[in-house]
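Trainee: no sequence on this one, just coordinates:
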């Protein structure tokens with residue numbers, strides 16, 4: 001085995017090193033969000049998830065369309081088959 005793969009990086013020390021036992025002793029590292037900040041995070045997540053769902057639906061629609069053409073079946077059948085994962 002290559003010698004460089006066996007060497008670990010130097011230990012991180014100081015305030016940038018987070019050790020579980022140290023974190024359990026004090027809640028000082030916890031950042032509490034205001035209701036406004038929580039709302040901002042929720043809106044950002046919903047917007048991202050909405051975009052993700054749009055992409056997934058487009059991909060499913062394209063797959064169904066291809067499946068219908070390849071197997072010469074009705075698009076509704078292709079959708080049902082795709083959603084069930086069977087053909």
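Mentor: It's in. On a predicted model such as this, the values are computed, not experimentally measured, just so you know.

Trainee: for this structure, which segments count as helices?
Mentor: 3-6, 20-25, 35-71, 75-84 (DSSP state H).

Trainee: residue 13 is nearest to which of those helices?
Mentor: Among these, the nearest to residue 13 by Cβ to Cβ is helix 20-25 (11.8 Å). Every residue, glycine included, has its C-beta placed from N, CA and C.

Trainee: not counting its own residues, what contacts the closest one?
Mentor: residue 29 (Cβ atoms under 8 Å, 6 or more residues apart in numbering).

Trainee: show me how far that helix is from its chain's centre.
Mentor: The chain centroid and the centroid of helix 20-25 are separated by 28 Å under Cα atoms, centre = their mean, to the nearest Å.

Trainee: just stretch 39-54 next, same as before
Mentor: 12 Å.

Trainee: need the mean per-residue confidence for it.
Mentor: Averaging pLDDT along stretch 39-54 yields 84.

Trainee: same check on stretch 17-31?
Mentor: 84.

Trainee: kindly report the same for stretch 76-87.
Mentor: pLDDT averaged over stretch 76-87 gives 65.

Trainee: closest to residue 12 out of the helices of the chain?
Mentor: Going by Cβ to Cβ, the one of those nearest residue 12 is helix 20-25, 12.6 Å.

Trainee: just to revisit the earlier point, take the helices of the chain and write them to TSV, including mean neighbour count.
Mentor: Shown next, in TSV, are those (neighbours: other Cβ atoms under 10 Å):
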stretch	mean neighbour count
helix 3-6	6
helix 20-25	8
helix 35-71	11
helix 75-84	14
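
Trainee: Serialize those to CSV and add fields for distance to residue 14.
Mentor: Listed next are the helices of the chain as CSV, based on distance: least, Cβ to Cβ, whole Å:
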stretch, distance to residue 14
helix 3-6, 26
helix 20-25, 12
helix 35-71, 28
helix 75-84, 53
